[in-house]
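[1] Sequence and predicted structure are below.
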2 protein chains.
Amino acid sequence: MKKLHIIGLGLLGGSFALAAKSKFPEISISGTDASEKNLQDALNLGIIQEAKDQPDADVDIVILATPADTLGDLLLKTLDQVGEETLVFDVGSTKAKLCKLVADHPKRKQYLAAHPIAGTEYSGPKAAFADLLTRKVLIICDLEKTDLQLKEKAYELFDALNIKLRFMDPEEHDRHLAFVSHLSHVSSFMLGKTVLQKMEDEKNIFDMAGSGFASTARLAKSSPAMWAPILTENKDNILSALDGYISNLTAFREKIAANDGAGLSEEMTEINKIREILDLEK
Amino acid sequence: MKKLHIIGLGLLGGSFALAAKSKFPEISISGTDASEKNLQDALNLGIIQEAKDQPDADVDIVILATPADTLGDLLLKTLDQVGEETLVFDVGSTKAKLCKLVADHPKRKQYLAAHPIAGTEYSGPKAAFADLLTRKVLIICDLEKTDLQLKEKAYELFDALNIKLRFMDPEEHDRHLAFVSHLSHVSSFMLGKTVLQKMEDEKNIFDMAGSGFASTARLAKSSPAMWAPILTENKDNILSALDGYISNLTAFREKIAANDGAGLSEEMTEINKIREILDLEK
C-alpha cells in the first residue's frame, strides 16, 4: 500500500485518508475535491499530502467519495484514467445503479462496489476523523466481479482499519439501506421541519426539547448535498419504505384518536422487540 | 427537608429519591409502587428506606411519579391524606387535565404541577440514577396557585439537584411537549415498526443499521406502560403534531417521487437551521 488517491475529501473520504495515513505512515495520499475550499482544508488538515486532479497511473487504490448522483460519471472517467494495477472503489450509499452501469465495462474487474456503514451528521474535511471507520461494517456488492489480486489491496486497507466486511447483491443492499438508513434520515428531517414550523408560532419551544428530541432529530443536521442525491438515486426503495412508515403512522394515529390505550400499549410492546436488536448492535 | 414520600418508584421517582438522598443524607424517604417487584427492587437498591402505602401526615413533599392516566385519581387521594404542611408535586408529561381537575380543590395550594424534561428509554427502579435530573429543565405550570411557603420546600429540593426551572401555563406546556417530545416517541416507535416488518421478509437487515438508525429508533425501546397513557392524555395536541408530521412526510415523498433533487435539497437546507438550535441545547 504505497499510493492512495481520494476524490471527494469530505467526512468519508477524509476519514479514509486519515485512517490510512495512521496505519501506513509511509503512504502517499493525493486527492481532489469539487470545492476549492474543501481541497485547501484537506491539505491544511493533513488529510492529503498533494492535490491532484486525477490519479497517477500507478496508484494502488482510488477511493470515490462524492455525492451519490456524481459517482456514475466519475467511476467511468476514473476507470479510463487508471493503470491495470489500480483498484477503484466508491463509498456511496446506493449500489444498484452503479453496478449496472459498469456491468459490461472492460475494466469492471478493477472496480469494487463498497459502502461503509459509518457517518455522522456532519460533513466536509473538518468533520473527518481517523477513527470513523474503526470496527464499522462495510458492505461489498458483486464481490465476485472484482479481480482477486486487486481485491487484496482493498482487504489490506480494510483489515488495517478494523473494518468488518459483509457481502450482498446491490439490489438487496439498496432495498435494506432504504429501511435502516435512508428512512431514518427522512423521518428525522421531517421531525425537524414539523417542530421548526411550530416554533414560528410559539417561541422558546426548544427550551423544552430533551434528549429524546435531540436523538430523533439529529440527522436533520445532515448535508443536503449528500442526501438529496441518495433520495433520488434510491427512489423506488425509499418510496416503499416511506409508504410503509406513513401507513404505520396513520394507523397509529387512529388508535390515539380512538383513545385505544390497550391497542397502543400492545403495539408498542411488540415494537419493544427492537431493544434486543439495538442492544445487540452496541 | 426531612421526610419525602414517593409514589411510583420507576425511572423518575427513583432518580428523585437517589438524588435527594445524596444531597440530604439525613432525609427519610418512604414510598410505594403498584408493582410489588418494583417496590422490592427500590428497597434493595436503597431508593427508599421504607415501604409505606400512604404518606405520613408530616411528610415534607410527596412526589407522584406514576403513569399519566393514573395521576388524576392519585393526586385527589393524596391531597386528602396529607397534612397542611405537605407539598405534593407530580412529574407527569401532561399537565392541562391535572391542573383543571384540581383547580377548585380546597387543597389546591398544596399542589405543584411539575414536569422534569429528563428521561431515558429505560424504565423501572433499576433504570434510576442520581444524576438523571442534574441540570435538566423542570417546567412548572400555574405556579401562582401554589402556596408560597410550600413552594419553598420544592425549590430547596430542585436547587439542591441543580434543576433549571421554567414556567408556563398547562395548555402551552401540553401543546409544546406534543411537538418536542411526544411526536419524537411516535416517530421512533413507527420507525422501529416499519423496519421490524421489513425484517420479517429479509433476514439480517439490522447488520446494516448504523448509528443513524440507532439514534432515531432509540425511543422505540421506551415503556408502553408510560407512553400509552401520555398519548391518550395529550391526544388533541399529539394528533395535531402528528398530522403536521404526516403531511410533511407526504409532501416530501412527492418531491422524491418527482426526482426533484433541487426541491429536496432546498427543503433540507432550510431544515438544517435546526443545527443551531440543537447545538445550542448541548
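    Looks like it came in fine. This structure is a prediction, so every number in the text was calculated from the model and none was measured.

[2] Who are the contact partners of the residue nearest to residue A:219 when sequence neighbours are not counted?
    Nearest residue to residue A:219, sequence neighbours excluded (CB to CB, 6 or more residues apart in numbering or on different chains): residue A:188, at 3.6 Å. Glycine gets a C-beta too; all of them are placed from N, C-alpha and C. When contacts are counted by CB atoms under 8 Å, 6 or more residues apart in numbering or on different chains, residue A:188 touches A:216, A:217, A:218, A:219, A:220, A:222, B:212, B:216.

[3] let's see 10 Å
    Contact analysis of residue A:188 by CB atoms under 10 Å, 6 or more residues apart in numbering or on different chains lists A:121, A:215-222, B:184, B:187, B:191, B:212, B:215-216, B:271, B:274.

[4] Residue A:50 now?
    A:5, A:28, A:29, A:30, A:31, A:32, A:43, A:56.

[5] Assign a three-state SS to the first one, would you?
    When you say that, I think you mean residue A:5. Under DSSP: H, G, I helix; E, B strand; the rest coil, the three-state class of residue A:5 is strand.

[6] In the strand or helix carrying residue A:113, which residues are buried?
    In this assignment (DSSP states H and E), residue A:113 forms part of strand A:111-116. Buried residues in strand A:111-116, defined by neighbour count with 16 or more other CB atoms under 10 Å in any protein chain shown: A:111, A:112, A:113, A:114, A:115, A:116.

[7] Kindly report the same for stretch A:54-66.
    Buried, per 16+ other CB under 10 Å, within stretch A:54-66: A:54, A:55, A:56, A:59, A:60, A:61, A:62, A:63, A:64, A:65, A:66.

[8] Is it positioned near chain B?
    No - using CB under 10 Å from any CB of the partner chain, we find that stretch A:54-66 stays clear of chain B, coming within 14.7 Å at best.

[9] again, but for stretch A:132-144
    Yes - counting by CB under 10 Å from any CB, chain B is contacted by stretch A:132-144 at A:136, A:137, A:139.

[10] quick one: terminal-to-terminal distance for that stretch?
    End-to-end span of stretch A:132-144 (CA to CA, to the nearest Å): 27 Å.

[11] can you map out the strands along the stretch 151-282 of chain A?
    With strands called from DSSP state E, counting those that start in this stretch, the stretch 151-282 of chain A shows them at A:164-168.

[12] Low-confidence stretches in it?
    Low-confidence segments of the stretch 151-282 of chain A (pLDDT under 70): A:202-203, A:280-282.

[13] Could you save the residues of stretch A:132-144 next to chain B as CSV and add columns showing pLDDT, secondary structure and neighbour count?
    Formatted as CSV, those follow (pLDDT from 0 to 100; DSSP: H, G, I helix; E, B strand; the rest coil; neighbours: other CB atoms under 10 Å in any protein chain shown):
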residue, pLDDT, secondary structure, neighbour count
A:136, 92, coil, 17
A:137, 92, strand, 18
A:139, 95, strand, 22
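
[14] what number of residues lie near residue A:40?
    As a burial measure, residue A:40 scores 14 neighbours (other CB atoms under 10 Å in any protein chain shown).

[15] list the contacts for residue A:219?
    Per CB under 10 Å, 6+ apart, neighbours of residue A:219: A:119-121, A:181, A:184-189, A:191-192, A:227, B:211-213, B:215-216.

[16] In the stretch 1-150 of chain A, what residue comes closest to chain B?
    Relative to chain B, the nearest point of the stretch 1-150 of chain A is residue A:117 (4.2 Å; CB to the nearest CB).

[17] Need phi/psi at the most centrally placed residue in chain A.
    By CA atoms, centre = their mean, chain A has its centre lying nearest to residue A:93, at 4.5 Å. Note on residue A:93: backbone dihedrals following degrees, to the nearest 10 are phi -80, psi -10.

[18] Pretty sure it sits against residue A:233.
    Yes - using CB atoms under 10 Å, residue A:93 makes contact with residue A:233 at a distance of 8.0 Å.

[19] what touches both of these two?
    A:67, A:68, A:71, A:174, A:182.

[20] and chain B, which of those residues reach it?
    A:67, A:182.

[21] Just the buried subset of the shared contacts of residue A:93 and residue A:233, please.
    Buried among the shared contacts of residue A:93 and residue A:233 by 16+ other CB under 10 Å: A:67, A:68, A:71, A:174, A:182.

[22] Distance to residue A:150 for these - can I get that in CSV?
    Output for those, formatted as CSV (distance: CB to CB, whole Å):
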residue, distance to residue A:150
A:67, 25
A:68, 23
A:71, 19
A:174, 24
A:182, 30
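
[23] And the helices in chain A?
    Assigned by DSSP state H, the helices in chain A fall at A:11-23, A:36-44, A:71-81, A:96-101, A:148-160, A:170-177, A:183-201, A:211-217, A:224-233, A:235-257, A:261-271, A:274-281.

[24] want to try JSON lines for those helices, with distance to residue B:257 as columns?
    Shown next, in JSON lines, are the helices of chain A (distance: least, CB to CB, whole Å):
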{"stretch": "helix A:11-23", "distance to residue B:257": "28"}
{"stretch": "helix A:36-44", "distance to residue B:257": "32"}
{"stretch": "helix A:71-81", "distance to residue B:257": "21"}
{"stretch": "helix A:96-101", "distance to residue B:257": "17"}
{"stretch": "helix A:148-160", "distance to residue B:257": "36"}
{"stretch": "helix A:170-177", "distance to residue B:257": "17"}
{"stretch": "helix A:183-201", "distance to residue B:257": "13"}
{"stretch": "helix A:211-217", "distance to residue B:257": "24"}
{"stretch": "helix A:224-233", "distance to residue B:257": "10"}
{"stretch": "helix A:235-257", "distance to residue B:257": "6"}
{"stretch": "helix A:261-271", "distance to residue B:257": "27"}
{"stretch": "helix A:274-281", "distance to residue B:257": "28"}
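
[25] nearest to residue B:20, of those helices?
    Evaluated over these, closeness to residue B:20 peaks at helix A:211-217, with 21.9 Å, by CB to CB.

[26] Can that closest one be said to contact chain B?
    Yes - Helix A:211-217 is in contact with chain B by CB under 10 Å from any CB, via A:211, A:212, A:213, A:214, A:215, A:216, A:217.

[27] my guess is residue A:194 meets residue B:238, correct?
    No - assessed by CB under 10 Å, residue A:194 is found out of contact with residue B:238, at 12.0 Å.

[28] Compare those two (neighbour count), which wins?
    Legend: neighbour count by other CB under 10 Å for residue A:194 and residue B:238, higher for residue B:238 (27 against 24).

[29] gap between that one and residue B:183?
    7 Å (CB to CB, to the nearest Å).

[30] ditto for residue A:13
    Residue A:13 is 35 Å from residue B:183, by CB to CB.

[31] Residue A:279 too?
    Distance from residue A:279 to residue B:183, by CB to CB: 24 Å.

[32] Specify which residue of these two has the higher count of neighbours.
    The neighbour comparison of residue A:279 against residue B:183 (other CB under 10 Å) goes to residue B:183, with 26 against 10.

[33] Spatially nearest residue to that one, not counting backbone neighbours?
    Of all residues not flanking residue B:183 in the chain, residue B:241 sits nearest, at 4.3 Å (CB to CB, 6+ apart).

[34] Isn't the one you found up against residue A:249?
    No - applying CB under 10 Å, one finds residue B:241 not in contact with residue A:249, separated by 11.3 Å.

[35] Tell me which of those two has more neighbours.
    More crowded of residue B:241 and residue A:249, by other CB under 10 Å: residue B:241, with 27 against 23.

[36] mind listing what the more buried one touches?
    Counted by CB under 10 Å, 6+ apart, residue B:241 has contacts A:191, A:194-195, A:198, B:175-184, B:186-187, B:234.

[37] Now with 6 Å, please.
    Each residue near residue B:241 by CB atoms under 6 Å, 6 or more residues apart in numbering or on different chains is listed here: B:178, B:179, B:183.

[38] No further questions, thank you.
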